[in-house]
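Trainee: Could you work out the structure for the sequence below:
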Amino acid sequence: HSFRLFFAKLLASTLCVGRAEDVARLLLSLQQALFKGPPDYRPADPVTSNACIAWILQRTKVLTILTREVLPKAFRAETVHDPSSQQAAHLLLLCCAGLDACSDADRHEPLALLLSAPHLGEFL
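Mentor: Numbers count the residues shown, from 1 in each chain. Sure, this is the predicted structure:
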């Protein structure tokens, strides 16, 4: 639990200074620690990996920043082999894993936010 608090504070402070891309990199580092991959990034621990991401998505503004600033830029990558495109795919998988661990009541707003990301349809 203390790690999640520390990580949430680290994300919040990074967001406060306007470093959205660094937030994305921090999340991708967390993904490497909590999930086995690539290509499919299965949870290292089926219970705690997804729950940790859900906790972060519910208690920080990370998803808002990802959907407004980071993902739209990455979705416009020229090819699927572009690093930005791969980063977007990894971030989407991570967000979906977190949303999967949310209760139905807690999932609606973040899911709507994720689905409203500009250029998501074209990317998929």
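Trainee: Distance check, Pro8 against Gln31.
Mentor: One thing to correct before we go on: residue 8 is Ala, not Pro. Distance from Ala8 to Gln31, counting by CB to CB, to the nearest Å: 16 Å. For glycine as for every other residue, the C-beta is placed from the backbone atoms N, C-alpha and C.
Trainee: and what of Ala54?
Mentor: 14 Å.
Trainee: Next: Thr14.
Mentor: 16 Å.
Trainee: same thing with Thr64?
Mentor: 19 Å.
Trainee: any low-confidence regions in this protein?
Mentor: The chain contains residues with pLDDT under 70 at 1, 39, 78-81.
Trainee: buried set for the one helix or strand Thr14 maps to?
Mentor: Here Thr14, judged by DSSP states H and E, is contained in helix 2-16. The neighbour-count check on helix 2-16 (16 or more other CB atoms under 10 Å) flags Phe7, Ala8, Leu11, Thr14, Leu15 as buried.
Trainee: Max pairwise distance over the residues you listed: which two?
Mentor: Using CB to CB, the buried residues of helix 2-16 reach their maximum pairwise distance at Phe7 and Leu15, which is 12.5 Å.
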